[in-house]
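Asker: missing the sequence, but the structure's below:
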């Protein structure tokens, strides 16, 4: 656990329940770094510490961002909050959102003035316990002071008022990629549709396809990998790998606004994506990338292969400009700070 010596009463807490790194965790890292750039004191609060070392802590340490693991109970969250009294608690994910709202209700009679903010990330409807958490999360949204959503579709599923907010990344030190690899980057789960990526690879046996990530579909996918698909497994950080990638394929069935798309485009890596979530706000077809139905992914890839070097460079530059102008920390963090300070 990283420590801090300044007054924690001015801190912004980013609250989550997490075992691994995915879209939410990447978003939180970017948010924490962005807030720090704007001279805000920030701490990441994990509701529970699971068996393995959380890979996000590596990035947090590298960015010199403080974090704390709790024991998973509402009681410890309440005690820790009463003791340190942050100015804002910004929750991410089902469990963190529900806990934060229960925390707000528990503090109604106290003199602590805390802004409770939440971001809705999930585009898919889960099953079993996840479906229950999803229902409670959406219908208890009114107990947050403000709710963000990362796509219009996600916003429409929440009965309370939400603000659709662009996902964002820090573009300060990003260098353009010089790589040429065709890649899938993300969790190997049904909503991300890595199976579609493998089917795409089968249609282009003369090209190599690369998968970076792990997840519940991993073992089954590995059994049926064609010879031209290289599986790289879980990555604690993609920072050094992005430079090898020349084209990102997003095959998802459900999404908000994929952080991997921002990470890629911010480095001048064009994206071919299925029409999910708010991807249409990010990609202008033929200008900075492509949006296509799943059955037309192969045709879009062929189009990329046939482009001239000059056209490819134009699209790469356009992708970078899009992120810088609309999806960077400099563009989005001021909008979030306004909500924090109301």
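Answerer: Arrived safely, thanks for sending. Keep in mind it's a predicted model, so treat the numbers as computed, not measured.
Asker: which strands and helices sit next to the longest helix anywhere in the chain?
Answerer: The residue-count maximum for a helix in the chain (DSSP state H) belongs to helix 309-326. Packing contacts for helix 309-326, counted by 3 or more C-beta pairs under 8 Å, 6 or more residues apart in numbering; DSSP states H and E, involve helix 259-265. (C-beta placed from N, C-alpha, C; glycine too.)
Asker: So for the helix it packs on, mean pLDDT?
Answerer: With pLDDT averaged residue by residue, helix 259-265 scores 94.
Asker: just checking, what packs against it?
Answerer: helix 23-37, strand 181-185, strand 245-250, strand 271-273, helix 279-282, helix 309-326.
Asker: Neighbours of residue 217, how many?
Answerer: 17 (other C-beta atoms under 10 Å).
Asker: what about it, distance to residue 225?
Answerer: 12 Å (C-beta to C-beta, to the nearest Å).
Asker: for residue 152, same thing?
Answerer: Taking C-beta to C-beta, one finds residue 152 at 36 Å from residue 225.
Asker: do the same with residue 285
Answerer: 30 Å.
Asker: Ok, which of the helices and strands packed on helix 259-265 comes nearest residue 191?
Answerer: Of all those, helix 23-37 sits nearest to residue 191, with 10.2 Å by C-beta to C-beta.
Asker: so how far is that closest one off the chain centroid?
Answerer: Helix 23-37 has its C-alpha centroid displaced from the chain centroid by 9 Å (C-alpha atoms, centre = their mean, to the nearest Å).
Asker: Kindly report the same for stretch 215-234.
Answerer: From the chain centre to the centre of stretch 215-234 is a distance of 22 Å (C-alpha atoms, centre = their mean).
Asker: any idea of the mean pLDDT for it?
Answerer: Here the average pLDDT along stretch 215-234 is 94.
Asker: Other residues contacting that stretch?
Answerer: Applying C-beta atoms under 8 Å, 6 or more residues apart in numbering, the external contacts of stretch 215-234 come out as 20, 55, 187-190, 192, 194-195, 198, 201-202, 204-214, 241.
Asker: show me where pLDDT drops low in this structure?
Answerer: In the predicted model, the chain carries pLDDT under 70 at residues 1-9, 123-126, 342.
Asker: would you list every one of the helices in it?
Answerer: 23-37, 56-62, 74-84, 94-106, 129-139, 152-156, 194-202, 218-223, 259-265, 279-282, 297-306, 309-326, 329-341.
Asker: Identify, out of those helices, the most deeply packed stretch.
Answerer: The highest average neighbour count among these, using mean count of other C-beta atoms under 10 Å, belongs to helix 259-265 at a mean of 26.
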